[in-house]
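# for reference, the sequence and a predicted model appear below.
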Amino acid sequence: MKEFDYFIGVSPHIAELKIFISVQAPVFHPTLLVGERGLRQEQIARALHQAGEHREKPFLAVNTRALNEDALHQLLFGSRGMIENTQRGTIYINELTGLPSLLQQRFAAYIEEQRWGARSGRKPLQRLVFATEYDSSARTAENRLAYGLVEQFRSSSFLLKPLRERSEDIPYLAGHLASRIARRLGKEEPGITPEAMRMLVEYRWERNIDELESALESVIANAPPPRIDESLLPDRVRYATLQTIPASGIDLPGVVDDYARSLIETAMRQTGGNQTKAAQLLGLRVQTLNMKLKPYAELNRPIVIQTRASG
């Protein structure tokens with residue numbers, strides 16, 4: 001599992017996840033990964049698929065955020081849908097509790113049907129792996145269905161820790177990502193200075209591995225040095241833990257612009273490049289978002305949407 005980003009590091013959490021996968025892989029029943037976005041949930045689902053006996057069968061990933069309810073229903077439960085036609089393979093769905101309520105109900109019934117079938121000796125047609133950000137401890141009257149779905153998975157779920165709760169993994173993960181990015185871009189493999197690494201470790205990484213990789217990619221693509229020092233890191237990382245402003249001062253407009261660009265990149269990636277949906281996530285009008293994107297293109301720094309196996 002070394003090829004998967006999430007498994008890079010030395011924290012007890014990673015060891016616990018590897019044990020979870022080894023236990024769940026032979027069982028072939030629905031599994032739930034609970035955690036924030038950007039933790040490479042799809043990679044974990046692939047690792048679970050590859051650890052099972054049906055690793056040669058298809059692995060299919062569904063991005064529920066990119067499809068409307070009718071399209072999702074046809075893709076999953078239609079006559080030619082994945083549920084009926086994926087024999088012994090794995091279906092990964094990146095957001096269970098965010099699905100429309102009718103699809104949540106359909107899955108709840110299907111999962112219960114599969115469990116009854118298993119008790120009578122009938123094998124499931126496929127492995128289902130779901131991800132969700134939903135925290136069942138925050139139960140309210142409005143999300144009873146989501147709570148019930150999460151409860152169905154209690155015995156086969158795993159809570160993924162964000163990077164800020166396992167900072168001991170960041171030096172290993174940053175080195176791994178920097179090496180891979182450099183190879184992909186045809187650059188010299190960079191080292192990371194101790195001060196730069198300290199800043200990477202102390203930063204909160206609200207978007208987890210996705211944000212860490214994006215920051216390193218920007219540094220390596222735009223200024224490929226033999227070593228990454230603190231001056232090359234994005235301003236939001238360099239100044240995240242400032243207690244006082246340095247005598248040399250800071251570039252406040254630059255810091256704000258850097259953070260805004262980061263948020264826009266996240267929204268565009270999350271929606272597959274759909275400006276209407278990205279604008280909704282950012283609380284902007286579509287025209288306003290379009291105006292904010294233009295300067296980056298004019299400065300030859302366009303926001304590029306890349307498909308990542310991140311869940």
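Done, it's in. Numbers count the residues shown, from 1 in each chain.

# can you list the domains in the protein?
5-161, 164-250, 253-311 (automatic domain parsing).

# adding mean neighbour count and mean pLDDT, write these out as JSON lines.
All C-beta spots, glycine's among them, are computed from the backbone N, C-alpha and C. As requested, the domains of the chain are arranged in JSON lines below (neighbours: other C-beta atoms under 10 Å; pLDDT from 0 to 100):
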{"stretch": "domain 5-161", "mean neighbour count": "17", "mean pLDDT": "88"}
{"stretch": "domain 164-250", "mean neighbour count": "16", "mean pLDDT": "87"}
{"stretch": "domain 253-311", "mean neighbour count": "15", "mean pLDDT": "71"}
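
# remind me what the helix or strand hosting R269 packs against, helices and strands.
Per DSSP states H and E: R269 is located in helix 252-270. Helices and strands in packing contact with helix 252-270 are listed as helix 208-222, helix 235-238, helix 275-282, helix 286-298; criterion 3 or more C-beta pairs under 8 Å, 6 or more residues apart in numbering; DSSP states H and E.

# where along the stretch 51-200 of the chain do the helices fall?
Per DSSP state H, counting those that start in this stretch, the stretch 51-200 of the chain has helices spanning 69-77, 82-85, 101-119, 144-152, 170-185, 194-202. These are given in chain order.

# quick one: closest of these to K161.
helix 170-185 (12.3 Å; C-beta to C-beta).

# the closest one versus helix 208-222: what angle between them?
In terms of direction (axes from the mean of the first three to the mean of the last three C-alpha atoms, to 10 degrees), helix 170-185 departs from helix 208-222 by 50 degrees.

# may I have helix 170-185 exported as PDB, CA atoms only?
Output for helix 170-185, consisting of C-alpha atoms alone and laid out as PDB, is shown next (Å, rounded to 0.1, in the frame of the first residue of the first chain):
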ATOM      1  CA  ILE A 170       3.500  15.200   7.500                       C
ATOM      2  CA  PRO A 171       7.300  15.100   7.000                       C
ATOM      3  CA  TYR A 172       7.000  11.700   5.400                       C
ATOM      4  CA  LEU A 173       4.000  12.600   3.300                       C
ATOM      5  CA  ALA A 174       5.500  15.900   2.200                       C
ATOM      6  CA  GLY A 175       8.700  14.200   1.100                       C
ATOM      7  CA  HIS A 176       6.700  11.500  -0.800                       C
ATOM      8  CA  LEU A 177       4.500  14.100  -2.600                       C
ATOM      9  CA  ALA A 178       7.400  16.400  -3.500                       C
ATOM     10  CA  SER A 179       9.300  13.500  -5.100                       C
ATOM     11  CA  ARG A 180       6.300  12.300  -7.000                       C
ATOM     12  CA  ILE A 181       5.400  15.900  -8.200                       C
ATOM     13  CA  ALA A 182       9.000  16.500  -9.300                       C
ATOM     14  CA  ARG A 183       9.100  13.300 -11.300                       C
ATOM     15  CA  ARG A 184       5.700  14.100 -13.000                       C
ATOM     16  CA  LEU A 185       6.900  17.600 -13.900                       C
END
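
# secondary structure element for the spatially most central residue of the chain?
For the chain, G38 is the residue whose C-alpha lies nearest the centre (C-alpha atoms, centre = their mean; 2.8 Å). According to DSSP H and E, G38 maps onto no helix or strand at all.

# list the contacts of it.
Each residue near G38 by C-beta atoms under 8 Å, 6 or more residues apart in numbering is listed here: 205, 207-211, 310.

# I'd like these as CSV, with distance to K187 appended.
Converted to CSV, the contacts of G38 look like this (distance: C-beta to C-beta, whole Å):
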residue, distance to K187
W205, 23
R207, 23
N208, 24
I209, 20
D210, 21
E211, 20
S310, 22
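
# which one among those residues gets closest to E95?
Proximity of the contacts of G38 to E95, judged by C-beta to C-beta, is greatest for S310, which lies at 12.7 Å.

# enumerate every residue touching L99.
If a contact means C-beta under 8 Å, 6+ apart, then L99 has 64, 72, 93, 107 as its contacts.

# any chance of TSV for those residues, columns distance to E84?
Putting these into TSV (distance: C-beta to C-beta, whole Å) gives the following:
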residue	distance to E84
T64	18
L72	15
I93	15
F107	14
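
# which one of these is nearest to I21?
Using C-beta to C-beta, the shortest approach to I21 within these belongs to I93, at 17.8 Å.

# any idea how far the closest one is from R65?
As defined by C-beta to C-beta, to the nearest Å, I93 lies at a distance of 11 Å from R65.

# please apply the same query to K123.
K123 is 31 Å from R65, by C-beta to C-beta.
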